[in-house]
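# need a structure here:
(one chain, ligands or ions: 2)
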Amino acid sequence: MGKPTGFLEYERKEGGYRPKAERLGDYRAVELQVPEDDLTLQSARCMDCGVPFCHAYGCPVANVIPEFNDLLYRGNWQNALDILLTTNNFPEFTGRVCPAPCEAACVAGINQEPVTIRQIEMALIEKGFKEGYLGPNQPDSYNSAQVAVIGAGPAGLAVADTLNKCGYRVTVFDDAPKPGGLLRYGIPEFKLEKKIVDRRIRLMEAEGIVFEPGVRVGEDISYRYLKSRYQAICLACGARGPRDLPIPGRDYNGIVFAMDYLTQQNKRLSGEALDPYMEITATDRNVVIIGGGDTGSDCLGTALRQGARQVTQLEILPEPPTERDPSTPWPMWPLILRDTHAHKEGGTRRWAVTAKAFIGENRAVKKVSCVEIEWRPAPSGDGQIPMEKPGTEFEIEADLVILAMGFVDPGPCKLIDEIGLKLDHRRNVKTDHNRMTNVDGVFVAGDMTTGQSLVVRAIADGRKAALGIQSYLEK
Ligand SMILES: Cc1cc2nc3c(=O)[nH]c(=O)nc-3n(C[C@H](O)[C@H](O)[C@H](O)COP(=O)(O)OP(=O)(O)OC[C@H]3O[C@@H](n4cnc5c(N)ncnc54)[C@H](O)[C@@H]3O)c2cc1C
Ligand code: SF4
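Numbering: from 1, shown residues only. Ligands and ions are numbered 1, 2, ... in the order given. The predicted structure is shown next:
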């Protein structure tokens, strides 16, 4: 424990955001870093609790938080980073986009503000890159087994990085033009600049990992081909099957899925080719986003930067409380109203509302017909069900509707059928405790087995699959 009285002396300090007017004029990262000196004092707020809930309960990769806080307070940045890297392959991603369940579980958070763990994590890794603490480090020798990883999102990258460090030659295939998965094509630039993804990919290449972008496994190359060349295969293809809204008028032009919209903007910013007939932009449009979650918030921030006339975000659930709800006590992830930076930038949020129909003209959407919802106890006694409130119908002008209602399954994947993988009731791929599927030597990691989740969970799952592959290959 760096300073026993630190939590009594110092208040939580965050980096904050660039001014609204400035950040709306570009797509650069909105969050600012806490200056180094202030950060050292922030680490002094850590109480080195007997049971560190942040590490043992909150953080999916089990970052050893009290230990790196202690080292940072003593000015030992390099050892603090070494400790962080024992549990997290990519702190520069989680340090930027993790919702920080560790902070929700921080003991200081019971009666004051939690330690700024996420920002400390980001500062440690950025210092590491700046000071050259990170390598490249290739293993001393490679063994004969080779592994193919399909999917270069955070799960696939974590599998590849972990196995490479253990001396396995790894090739990562991805159907997208560049590696990164949702880090590159889903999460907007203003949350995670793509130069951060490029930097990591360059380091992984320098450490010996081979990337084969632009290859769709199951179509461009077959499972049979991979099986003949690699001793183990890990699928990390994500869960991109979007939830649809099959209401009247769904076929009008101008109604798109969030991922199509966000992917285009990310490609546009990095100068990648777009189909000119399929371009989606919110410029000068009345935009309605259906879905009040984080993906919806990413669409909001993007639409505001594109110059939308107005943006409305609809959510079927009621507005959450502003204080932690008693149904999610500490150290649980709290049910609480979350305003992202995008919500502070503009747009209107409406809660407990559902869309009933899309109204159009000349094959294009013009309005969304909506009604307010009341949540009532289900007759079965199990949970609540939405009931329309009579007389509350209303319409919203809309020439672009973005469906951001979550993801239901891995989406169409010829590979799953070709290999004959068993799926669970949600169509996620089933695995054993080592992340191996029903097919010998075929493993799965990340959203493809857990369902759409978080970057940190994908990394945690990738690490788990890598250990499963290692014990399989060492049998
Ligand atoms: C818009 C959006 C914003 C998000 N924001 C956040 C956030 O702020 N914080 C957070 O923690 N989480 C966020 N998430 C969730 C997070 O991005 C995912 O949980 C995480 O990326 C899952 O990692 P993954 O590696 O399992 O899959 P993915 O990142 O989806 O990567 C899968 C990769 O596999 C490739 N692939 C698929 N099929 C094939 C095939 N047959 N052959 C070759 N390649 C294939 C895909 O092209 C893709 O590159 C967000 C998700 C979305 C959609
Ligand atoms: S990865 Fe996420 S949960 Fe874990 S320490 Fe970092 S911010 Fe917290």
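
# in three-state terms, label the residue of the stretch 351-475 of the chain found nearest ligand 2 for me.
Nearest to ligand 2 in the stretch 351-475 of the chain, going by C-beta to the nearest ligand atom, is residue 456, at a distance of 4.3 Å. Where C-beta positions appear, they are placed from N, C-alpha and C, glycine not excepted. Secondary structure state of residue 456, per DSSP: H, G, I helix; E, B strand; the rest coil, is helix.

# what about it, distance to residue 58?
Remark: distance between residue 456 and residue 58 (C-beta to C-beta, to the nearest Å) = 10 Å.

# ditto for residue 299
28 Å.

# over to residue 147?
In terms of C-beta to C-beta, residue 147 sits 31 Å off from residue 58.

# test my guess that residue 205 contacts residue 212.
No: contact criterion C-beta atoms under 8 Å: residue 205 and residue 212 do not qualify, at 11.6 Å.

# residue 299 and residue 58: which has the busier surroundings?
residue 299 (30 against 24; other C-beta atoms under 10 Å).

# quick one, what contacts that one?
258, 261, 262, 287, 289, 402, 404 (C-beta atoms under 8 Å, 6 or more residues apart in numbering).

# tell me which element it falls in.
helix 294-306 (DSSP states H and E).

# partners of the helix or strand that comes right after that helix in the sheet?
Counting by DSSP H and E, the next helix or strand C-terminal to helix 294-306 is strand 310-314. Here strand 310-314 has these sheet partners by DSSP bridges: strand 286-290 (parallel), strand 348-350 (parallel).

# interface residues of this protein facing ligand 2?
58-59, 61, 63, 65, 88, 94, 98, 100-102, 117-118, 121, 456 (C-beta under 6 Å from any ligand atom).

# swap the cut-off to 5 Å and go again
59, 63, 94, 98, 100, 101, 102, 117, 118, 121, 456 (C-beta under 5 Å from any ligand atom).

# my read: the fourth one touches residue 458, true?
No: at 11.0 Å, residue 98 does not count as touching residue 458 under the criterion of C-beta under 8 Å.

# show me what contacts the residue of the stretch 351-475 of the chain found nearest ligand 1?
Going by C-beta to the nearest ligand atom, ligand 1 is nearest to residue 446 of the stretch 351-475 of the chain, at 2.3 Å. Counting by C-beta under 8 Å, 6+ apart, residue 446 touches 151, 153, 154, 155, 156, 236, 238, 453, 457, 458, 461, 462.

# next, residue 148: secondary structure please.
Of the three states, residue 148 takes strand under three-state DSSP.

# make CSV from the contacts of residue 299 and add neighbour count, secondary structure and pLDDT to it.
Output for these, formatted as CSV (neighbours: other C-beta atoms under 10 Å; DSSP: H, G, I helix; E, B strand; the rest coil; pLDDT from 0 to 100):
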residue, neighbour count, secondary structure, pLDDT
258, 24, helix, 98
261, 24, helix, 98
262, 23, helix, 98
287, 27, strand, 98
289, 31, strand, 98
402, 31, strand, 98
404, 27, coil, 98
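
# can you tell me which of those lies nearest to ligand 2?
Proximity to ligand 2 was ranked across the contacts of residue 299 by C-beta to the nearest ligand atom; first place goes to residue 262, at 21.7 Å.

# who's in contact with that closest one?
So residue 262 contacts 185, 186, 187, 188, 295, 298, 299, 302 (C-beta under 8 Å, 6+ apart).

# now, the most widely separated pair of those?
185 and 299 (14.0 Å; C-beta to C-beta).

# not counting its neighbours along the chain, what's nearest residue 436?
residue 443 (5.3 Å; C-beta to C-beta, 6 or more residues apart in numbering).

# do the one helix or strand the one you found maps to and ligand 1 meet?
Assessed by DSSP H and E, residue 443 sits inside strand 442-444. No: Strand 442-444 lies apart from ligand 1 when judged by C-beta under 5 Å from any ligand atom; the minimum separation is 9.4 Å.

# so what touches the helix or strand following that strand?
Next in sequence after strand 442-444, counting helices and strands by DSSP H and E, comes helix 447-450. Helix 447-450 has contacts (C-beta under 8 Å, 6+ apart) with 151, 153, 155, 235-239, 407, 410, 428-431, 435, 453, 457-458, 461.

# right, and residue 464 touches residue 443 too?
No: Residue 464 is not in contact with residue 443 according to C-beta under 8 Å; the separation is 9.6 Å.

# can you map out the helices along the stretch 101-250 of the chain?
Per DSSP state H, counting those that start in this stretch, the stretch 101-250 of the chain carries helices over the ranges 101-104, 117-131, 154-165, 182-185, 194-206, 223-229.

# CA atoms only for the first one, dumped as CSV, please.
Right, the one you point to is helix 101-104. Provided in CSV are the C-alpha atoms of helix 101-104 (Å, rounded to 0.1, in the frame of the first residue of the first chain):
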residue,chain,number,x,y,z
PRO,A,101,-16.3,-3.2,-13.7
CYS,A,102,-13.2,-3.1,-11.4
GLU,A,103,-14.1,0.4,-10.3
ALA,A,104,-17.7,-0.6,-9.6
